[in-house]
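Trainee: what's the 3D shape of this:
(2 chains)
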Amino acid sequence: MLRKRLGLIVDREKRLMANWTRCRSLIVGTGIAALSHTAAAQTDYYNTDAGRPIRTEDAYPVERRAFELQLAPLRLERAPGGTYTWGLEPEAAFGILPRTHVEVGFPLALIDGSAGRSTAGLAGLELSMLHNLNVETSIPALAVVADVLLPAGAFGPDKAYPSLKGIATKTFSWVRFHVNGQYTIGDAPTVGASNAVHLSRWSAGFAADKTFPLRSLLATAEIVSEQPVDDAEPLEWSAATGARYQLSPRWAVDGGVGLRLSGDSRPWFVTIGSAYAFGLPWYPRR
Amino acid sequence: MGFFSHTSRALIVVSLLAQPARAQWVTTHEQFYLEASHNWQFRDRYMAADRLFNAFDFGHAILYETLWTKPGAPVTELEQKWYDRLTKNILVKPPRVPLEEGAIEIGYVQLAPEAKTMFEWAHVLHRQIYDVLADERLTQAQKDAEVARLIAYYKTRRDVAFSSQPKSMALMQEQPYSLAFRKGYPKFNGLIWAYHWLQVGLYEPLLKGQTVEERQSFVRATVARFWQMLKDPPQKMPHQMPMTAAVAPAFTERYPEAAIIFDNLHSMHDVISDILANPSVPRNRKRAEILLAARRFRDDTSFVVSRDAWRMMAEHMGLENMGGPAVGFLPELPTPTVTYGAVMAHDERTGAMTGFKYGAAVGGEHAGHAMADTGKAKAADTAHAGHAMADTGARSMTMAAHDSGMMDLHMRMLGDPVIRDRIKADSAMLRMMKESISQMPAEHRAHRESLLRARTDRPATSTKSTAKTGTKAPATKAAPSTVTKKPATATKKPPPTKKPAADPHAGHKVPPPKP
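Mentor: Below you'll find the predicted structure:
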């Protein structure tokens, strides 16, 4: 799936971590490595979602007839020099068909311009659909995702960016592996409001997770390689690790940390989020 | 010619190679439970029991995973290692939330994801019906309507829903692979049957309790009864698969379709255990056998019997062989009247028992039945052979049936709603009473039969006192042995008796003798 980087960079010193909401100097960043997108959003801690807490996800959709709300998925990135970047992207997913879900994301941006005035707004509108091709047997579970980031809001891109993604999941008794690969169509965004969005031309992610079923806990780690949509930019590598935990039958929480492994500046990031699931009402035909 | 020959061969090879791949391309899917105001009510109000069900899910999953992935493992892998871990650890401190079984039975799920989805979907129905019955905001009529809606929702998944037509026991225990699990792993099999006893039995206290306090205490008592079964495995465990019609008669009367679905569900649990445990089913045939059994359990035509026959079958299998009633029980577990895991032959039309295909009777009403196939006769379990009380009682009752004093006694007993409930809850006693009544003069018979049919709304008092015991030692706080040492008390005020040091049941009133 497309990685859309959206960020709210908090130009503050280290103390901002504790008091970021009062900061006066926010700028749009060139990239939060993964505050982004997602196409698979399941409440179950075992069904991983992109960005929650790592970008590489599994091949399973939200259950049919289920709604899932990704509430306050928050990401904080710290670049060398003490610059903090914040991001937020609420999402809602619905299991519309067997093995298929649709999802809508609302990336939000909060920008403090040079004049000292803060501005908040939508940085595009993301629509996606994940279709699981098969459940795992001796054959890995496979899925395809179609996604588009639409030009909406004050900080959205200047045009639509469609992308395609393939996912494979293979489980062994000791560990589960996921492979994700995605490709984005479209030229690099023009300068301006679209600075709020950062896209990659292609990316490939490899993740492994270990489940502790009696504790409803999953530990996971990934390594991701990606080529920014601007071909002049160098290939990027990053690694992340995190955990998902089932708080209650309806609530799952997640948290993770990561590090960019390439480039001159190698920021680290922290992410935390939660998801709530509920079903579609149903009544028998009379 | 050569070209076509090579091409044909190539196509055949490709076709053969593609066959397994096609067979393994599975597209089953999961569906969210029915969203309703009663969601998770049982979890909120009966936390200890709800968590036990989470542990049950683990037990089922680890069983299948072990049988499938460790076919050469010693019997102790399940009978000792996992049994002990389950009963001493996981059941004692069960998980907080429903488990992701796919993360436990990894190999098994990849073998037959369709069967796993069937189980999950039926387990959802199980749990949602607990929720409805536990929801104190709903009237009984509203509960009935909600259960009907749940069943309708369940049946929308025709690809995974169990049939709501009752199936013959032959589907479960008379297939080529049958009985492998119960014979090879009697403790674990008994544990699974005890799980199933509680899973269907727990509907009874929720239905029989007239107030929230009663329902709470009844549920605790039923859970305590489950723990009681785990002592001295597998002797204290159910000797037959618990049938919902026998263990949960009130639930079955009210929601017969759900009861049938759950019996089919529990039967298929046993079938899959047998397929996985039986080495005569080659590993490359196990998936096919599982899918065949699953199809038979889903359709409305295979091995179907009438509802009357299904009820009769459950009655003749004997509640005392299934762990006994879920409410209004005596302090001691009932003595089984068949050997462990015995297979009865039933008349497919009426459901009446006609003999044994495996195992034997060890007393009670089953003692009169011969082996259907005497060549398979097995010596009766000596431990049970000594329990001839039910048999003796039946004979003496028959002899005294015409005695006027005995008839007066019957009248007094049947006139007391507590005793009447107790009799109706114990299938062996009920049968003996019916037999006794049938031999009475006609002028006495009708009145007694009407008394026996009379419905009693008030719960048995013994359950109340049992519940008090359960309250003091809830399952999650007390080790199984604690509960077993203090079994549920059947009477309000057990008379003090001298307590022999070696007898853990000393100090409790001796159960009233059977009539």
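
Trainee: Tell me which residues touch B:Leu52, please.
Mentor: If you count contacts by Cβ atoms under 8 Å, 6 or more residues apart in numbering or on different chains, B:Leu52 has them with B:91, B:94, B:198, B:223, B:226, B:475. The C-beta positions use only the backbone N, C-alpha and C, and glycine is treated the same way.

Trainee: If you could redo that for B:Arg296, that was the one I meant.
Mentor: B:167, B:171, B:302-303.

Trainee: ok so, going back, of all the contacts of B:Leu52, which comes closest to A:Glu222?
Mentor: For the contacts of B:Leu52, the closest approach to A:Glu222 (Cβ to Cβ) belongs to B:Pro94, at 32.3 Å.

Trainee: Low-confidence ranges, the stretch 351-500 of chain B, go.
Mentor: Within the stretch 351-500 of chain B, the segments meeting pLDDT under 70 span B:363-413, B:415-418, B:420-422, B:424-429, B:431-432, B:435, B:437-500.

Trainee: still on that earlier bit, considering the contacts of B:Arg296, which possesses the most neighbours?
Mentor: Highest neighbour count within those: B:Lys167, with 23 neighbours (other Cβ atoms under 10 Å in any protein chain shown).

Trainee: where does the closest residue to that one other than its chain neighbours land on pLDDT?
Mentor: In space, and not counting its chain neighbours, B:Lys167 is closest to B:Phe303: 4.6 Å by Cβ to Cβ, 6 or more residues apart in numbering or on different chains. You'll see B:Phe303 listed with a pLDDT of 97.

Trainee: Quick check, B:Phe303 in contact with B:Glu174.
Mentor: No: using Cβ atoms under 8 Å, B:Phe303 is not in contact with B:Glu174; the gap is 9.6 Å.

Trainee: So which residues on chain B come close to chain A?
Mentor: Counting by Cβ under 8 Å from any Cβ of the partner chain, the residues of chain B lying close to chain A are B:20-21, B:24-36, B:40, B:43, B:58, B:69, B:90, B:95-100, B:102-104, B:106-107, B:109-111, B:113, B:149, B:152-153.

Trainee: What subset of those is buried?
Mentor: B:24, B:26, B:28-36, B:40, B:43, B:58, B:90, B:95-100, B:102-104, B:106-107, B:109-111, B:113, B:149, B:153 (16 or more other Cβ atoms under 10 Å in any protein chain shown).

Trainee: host element of B:Leu67?
Mentor: For B:Leu67, the host element (DSSP states H and E) is helix B:47-69.

Trainee: cool, B:Pro238 as well?
Mentor: Going by DSSP H and E, B:Pro238 is not part of any helix or strand.

Trainee: Please name the residues that touch it.
Mentor: B:Pro238 touches B:190, B:193-194, B:196-197, B:229, B:321-323, counting by Cβ under 8 Å, 6+ apart.

Trainee: Narrow these to those in helices?
Mentor: Applying DSSP state H to those, the entries found in helices are B:190, B:193-194, B:196-197, B:229.

Trainee: Just put those residues in CSV and tack on neighbour count.
Mentor: Listed next are these as CSV, based on neighbours: other Cβ atoms under 10 Å in any protein chain shown:
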residue, neighbour count
B:Gly190, 24
B:Trp193, 25
B:Ala194, 27
B:His196, 26
B:Trp197, 28
B:Met229, 25
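
Trainee: Next, the residue of the stretch 251-400 of chain B found nearest chain A: secondary structure please.
Mentor: Residue of the stretch 251-400 of chain B nearest chain A, by Cβ to the nearest Cβ: B:Arg287 (8.7 Å). Classification of B:Arg287 by DSSP: H, G, I helix; E, B strand; the rest coil places it in helix.

Trainee: That one contacts B:Leu111, doesn't it?
Mentor: Yes: assessed by Cβ under 8 Å, B:Arg287 is found in contact with B:Leu111 at 5.5 Å.

Trainee: in the lengthiest strand in chain B, what counts as buried?
Mentor: Ranked by number of residues, the top strand in chain B under DSSP state E is strand B:353-358. Residues of strand B:353-358 classed as buried by neighbour count (16+ other Cβ under 10 Å): B:353, B:355-358.

Trainee: Ok, stretch B:304-323 next?
Mentor: In stretch B:304-323, counting by 16+ other Cβ under 10 Å, buried: B:304-305, B:307, B:309-323.
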